[in-house]
Each structure stands twice: as structure tokens, then as C-alpha cells.
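Student: A structural model of the following input is requested.
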Amino acid sequence: YEHAAYIENEIEFLKIFLANAGINSSLYSIDNKTYHAIDPRATLNTQLFKNLAFKMSYAQMKQYVHLLAYSGVGMPSDLWMPATHRIPPSKSKQYAAGMAKSFQNFPIEISIEAYYKEMKDLIAYKEGATLASGTSSWQDKIEINGNGESKGIELLIQKKHGKTSGWIGYTISKTTRQFENLNRGEAFPYKYDRRHEDRKSVV
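Tutor: Take a look at the predicted model:
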């Protein structure tokens, strides 16, 4: 059973700052074990100059399902597995800050944002294990209490008006995982680590 409640409020002050703050409360019960979380999150936007805006955000989250990714020999598979009385939910904190610049006589907007996310209580397959191997419970085939880190910078250029519109974006990022019994306890690249990624759309 999972229950959740959320409250948020938007606040404007000094005529140049706009804040949105909220709290998410959740309760999750399984196998006579109950987990509870109170997760705050907030964003702050300001436009100090006419064509230049800044924003900052913070979010804290607890997730009651885990993504169990397999990338070994054979068919790769991703499974969503629930938190149990033996496996606690994962937790994360994310910080982000960015700015956007528009041009008065040219229909182009440029924005850049940096983010950092830390994760705890992650899971991963044990060395050489798969869900199909052996007859024991899937909970015996995974490592728990893992840590993760994701950070990066995103650049976006948009043309919103005119005969031709579109956008192009580029992201440089790094995502790692760390478990005591994997890779000699050292951090390693996550399956979905995408160091460089570019995207575009033209209409």
C-alpha cells in the first residue's frame, strides 16, 4: 500500500522573485514494514534584467520502486522492483541552477543549466547474477545500499518565431554507481551514463 499527499504554494516577493515551494509526504507499507518520507522541494526564479532570467531548484525524493538494470551477456533487460522489508526505498537529492538569455531584436533564446544529483540505497545485480539464475529469491541476487551520483551541464538554443523554428541542445554529464562488493568498492559508470548527447528539432 502506498499513500501520498502534496502541498505547494507560489510566492512572489520584491516584485522580481517568484518562488514555488512544496512538501510531499508519502507512506509505503509492505510485508509488515512501513516506510515514511517527508520530501521538500522548491524553485526560485528571478528576472533581474529585461532579457536575462535566473533559476535555482532543490528537490528531495524517496522512491519505492527500484530500477534493476542488467547489461551483461544476453538480452539486456530493465525491471522495476519494489522496496521490501529487506530492501529500503531509494533516496535522492537534486540541486540545479541555470540562466536564460533572450534577444530583443532576434528570435533566439539561449539557456544553460547545471545540475547535481546524489542517490542512496540503490540496488544492482551481484557479480554474475541474473534473475534467471538459481532458485532463490531475487532479493538474494542483488547488492543493496548502493550510492549514485549524476552531474552535468545542459545547453539549449531555441528559435521560437519566424518561418523556421526549432531548437538544438547539448548535454555533457556523468553518472556513476558505487557498491561495496562491486568493482572493488570503487565507483563505476552507470548503464545509462551518456557523457555527451546532442538533440535537435526543426520545423
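
Student: Mean pLDDT per helix and strand in this protein: which one sits at the bottom?
Tutor: strand 196-202 (a mean of 79; mean pLDDT, DSSP states H and E).

Student: buried stuff in it?
Tutor: Residues of strand 196-202 classed as buried by neighbour count (16 or more other CB atoms under 10 Å): none. Every C-beta, even on glycine, is put in place using the N, C-alpha and C of the backbone.

Student: what's the residue most central in space within the chain in contact with, if anything?
Tutor: Nearest to the mean C-alpha position of the chain, by CA atoms, centre = their mean, lies K117 at 6.6 Å. Residues in contact with K117 (CB atoms under 8 Å, 6 or more residues apart in numbering) are 92-95, 148-151.

Student: Need the max-distance pair from the residues you listed.
Tutor: Between any two of the contacts of K117, the greatest separation by CB to CB is 14.7 Å, found for Y95 and G148.

Student: out of those two, which sits in the busier spot?
Tutor: Higher neighbour count among Y95 and G148: G148, with 20 against 14, using other CB atoms under 10 Å.

Student: Correct me if wrong: R199 contacts Q158.
Tutor: No - R199 is beyond contact range of Q158, at 11.9 Å (criterion: CB atoms under 8 Å).

Student: In the protein, mark out all the strands, start to finish.
Tutor: Counting by DSSP state E, one finds strands in the chain at the ranges 2-13, 17-30, 33-49, 52-63, 65-70, 77-82, 90-103, 106-125, 142-159, 166-178, 188-189, 196-202.

Student: Just the pLDDT for M75.
Tutor: In this model, M75 is scored at 55, pLDDT.

Student: How about the contacts made by the nearest residue to L48 once chain neighbours are set aside?
Tutor: Nearest residue to L48 in three dimensions, chain neighbours excluded: I16, at 6.5 Å (CB to CB, 6 or more residues apart in numbering). Neighbour list for I16: 46-48 [criterion: CB under 8 Å, 6+ apart].

Student: Buried subset of the contacts of K117, written for ChimeraX?
Tutor: A single ChimeraX command is used to select the members of the contacts of K117 judged buried by 16+ other CB under 10 Å:
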select :92,94,148,150,151
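
Student: circling back: nearest to R194 among the contacts of I16?
Tutor: Among the contacts of I16, and counting by CB to CB, the member closest to R194 is T46, at 30.7 Å.

Student: Can you spell out which residues form a bridge with that closest one?
Tutor: Listed by DSSP bridges, the beta-bridge partners for T46 are F17, F54.

Student: For it, give its distance to Y95.
Tutor: Distance from T46 to Y95, counting by CB to CB, to the nearest Å: 17 Å.

Student: Could you check how many residues crowd around I144?
Tutor: I144 has 16 nearby residues by other CB under 10 Å.

Student: ok, it to G134 distance?
Tutor: According to CB to CB, I144 and G134 sit 18 Å apart.

Student: where does this structure have low pLDDT?
Tutor: Applying pLDDT under 70 to the chain picks out residues 71-76, 133, 202-203.

Student: Share the number of residues neighbouring N147, please.
Tutor: 15.
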